[in-house]
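S.K.: Take a look and give me a structure for this.
(one chain, ligands or ions: 1)
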Amino acid sequence: MEPTEKLTRSLSRDLGQCIHDFGLISEGDRIMVCLSGGKDSYTMLHLLERMRKRSPVNYTLVAVHLDQGHPGYDGSPLENWLKANEYDYKILREDTYTIVVDKIEEGKTYCSLCSRLRRGVLYNAAQELGCTKIALGHHRDDALETLLLNLMFTGSLKSMPPKLISDDERNVVIRPLLYVAEKDIIEYSSLMQFPILPCDLCGSQENLMRKQVKKVLTDLEGLAPRVRESMLAALMNVKPSHLFDKKLWATLNLSVARESEERISPLPNSRRLPLLS
Ligand code: SF4
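M.R.: The predicted structure follows:
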């Protein structure tokens, strides 16, 4: 089997498993696939389309890309790729860059306001395009970094939900790549030669703390080579009785923990940790 085909199958399995586990796609859905022009979103769109063609569930996709007015932006490689692959798509243009530069003091990071504005535009577009779901390309490693960031800085034990409803209840957001490892996406994206748009056009600093946490995970791999797989498995294998959240205990009607659950067992020798029992 060709390496690309092998990887396509393996990534599709992970994507399909996540969609299945959390009911991310239903009959009749029109899914807005957010296409930033990075490796993650191209991979997501390509895999969702592949699955759509084989699925007994009827749903449609529309790829949406937002031109935020960054200096030097050239979205033509992305648009040409969408046309060549016959995707239904929409390119939005909204100069959020000027707003961000105007509002944020020099030396401060743009990312938080920039992504908030982007989210607003995309949420509105989903309504206008009649979409029932919005798909984002966050993957396993994004989820693990978020978990660590929350542990280290917010005092909360949370990662990224596979499916969420927006605060104004207008949009349902899905993250079908959450079981997919970033290293596989990097390899796939290079094999598929997706026309990646550079992500630092604004000259802004990608969240520095996230970069450092990424490095922490890489360093941990020196100690525990399968740390990322184990952490993903942990997110799918939560033992509420071994956490000290009294509201959770009350919600689950817990009054005492089981001793057997205190034992530490090694990780099974399986790549597909989502299937851990
Ligand atoms: S890196 Fe640039 S485009 Fe990305 S969120 Fe930050 S400011 Fe926005």
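S.K.: Could you find the closest non-adjacent residue to residue 160?
M.R.: Using C-beta to C-beta, 6 or more residues apart in numbering and skipping the chain neighbours, the partner closest in space to residue 160 is residue 143 (4.7 Å). Just so you know, the C-beta spots here come from the backbone N, C-alpha and C atoms, and that holds for glycine as well.
S.K.: Next up, the contacts around the one you found.
M.R.: 159-160, 178, 232, 235 (C-beta atoms under 8 Å, 6 or more residues apart in numbering).
S.K.: Compile those residues into TSV and extend it with columns for secondary structure, neighbour count and distance to the ligand.
M.R.: Shown next, in TSV, are the contacts of residue 143 (DSSP: H, G, I helix; E, B strand; the rest coil; neighbours: other C-beta atoms under 10 Å; distance: C-beta to the nearest ligand atom, whole Å):
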residue	secondary structure	neighbour count	distance to the ligand
159	coil	22	20
160	coil	20	16
178	coil	28	20
232	helix	24	25
235	helix	18	25
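S.K.: from what I can see residue 23 touches residue 162, true?
M.R.: No. Using C-beta atoms under 8 Å, residue 23 is not in contact with residue 162, being 9.4 Å away.
S.K.: ok, the two, which is more surrounded?
M.R.: Neighbours per residue, other C-beta atoms under 10 Å: of residue 23 and residue 162, the larger number sits with residue 162, 20 against 10.
S.K.: Next, work out how far apart the residue nearest to residue 160 and residue 189 are.
M.R.: Separation of residue 143 from residue 189 (C-beta to C-beta, to the nearest Å) stands at 19 Å.
S.K.: next one: residue 55
M.R.: 23 Å.
S.K.: Pick out whichever of the two has more residues nearby.
M.R.: residue 189 (17 against 14).
S.K.: Show me where the stretch 101-250 of the chain has its strands.
M.R.: Using DSSP state E, counting those that start in this stretch, the strands of the stretch 101-250 of the chain run over residues 133-135, 163-165, 172-174.
S.K.: which outside residues touch the first one?
M.R.: Surrounding strand 133-135, the residues in contact under the criterion C-beta under 8 Å, 6+ apart are 24-25, 29-34, 44, 48, 122-123, 126, 171-176.
S.K.: One more pass at 6 Å, please.
M.R.: Strand 133-135 is contacted by residues 29, 31-33, 126, 171-174 when judged by C-beta atoms under 6 Å, 6 or more residues apart in numbering.
S.K.: closest to the ligand among these?
M.R.: Comparing these against the ligand with C-beta to the nearest ligand atom places residue 173 closest, at 16.9 Å.
S.K.: Return the residues in contact with the closest one.
M.R.: Counting by C-beta under 6 Å, 6+ apart, residue 173 has contacts 134, 164.
S.K.: go again using 7 Å as the cut-off
M.R.: With contact taken as C-beta atoms under 7 Å, 6 or more residues apart in numbering, residue 173 is in contact with 134, 136, 164, 166.
S.K.: Among the residues you listed, which pair sits farthest apart?
M.R.: Farthest-apart pair in these is 136 and 166; separation 11.8 Å (C-beta to C-beta).
S.K.: Over to residue 30: give its phi and psi.
M.R.: phi -120, psi 120 (degrees, to the nearest 10).
S.K.: Correct me if wrong: it contacts residue 127.
M.R.: No. Judged on C-beta atoms under 7 Å, residue 30 makes no contact with residue 127 at a distance of 11.4 Å.
S.K.: Poorly predicted segments of the chain, please.
M.R.: Residues of the chain that meet the criterion pLDDT under 70 lie in 200-201, 203-207, 269-277.
S.K.: Give me the residue at the spatial middle of it.
M.R.: Centroid check for the chain by C-alpha atoms, centre = their mean gives residue 138 as the closest residue, at 1.1 Å.
S.K.: Might you report the residue contacts of it?
M.R.: 160, 175, 177-178.
S.K.: JSON lines please, covering the strands of the stretch 101-250 of the chain and showing distance to residue 68.
M.R.: Below are the strands of the stretch 101-250 of the chain laid out as JSON lines (distance: least, C-beta to C-beta, whole Å):
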{"stretch": "strand 133-135", "distance to residue 68": "17"}
{"stretch": "strand 163-165", "distance to residue 68": "23"}
{"stretch": "strand 172-174", "distance to residue 68": "19"}
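S.K.: Deepest in the core, which of the ones you listed is it.
M.R.: Burial of the strands of the stretch 101-250 of the chain is given as mean neighbour count (mean count of other C-beta atoms under 10 Å); strand 133-135 ranks first at a mean of 24.
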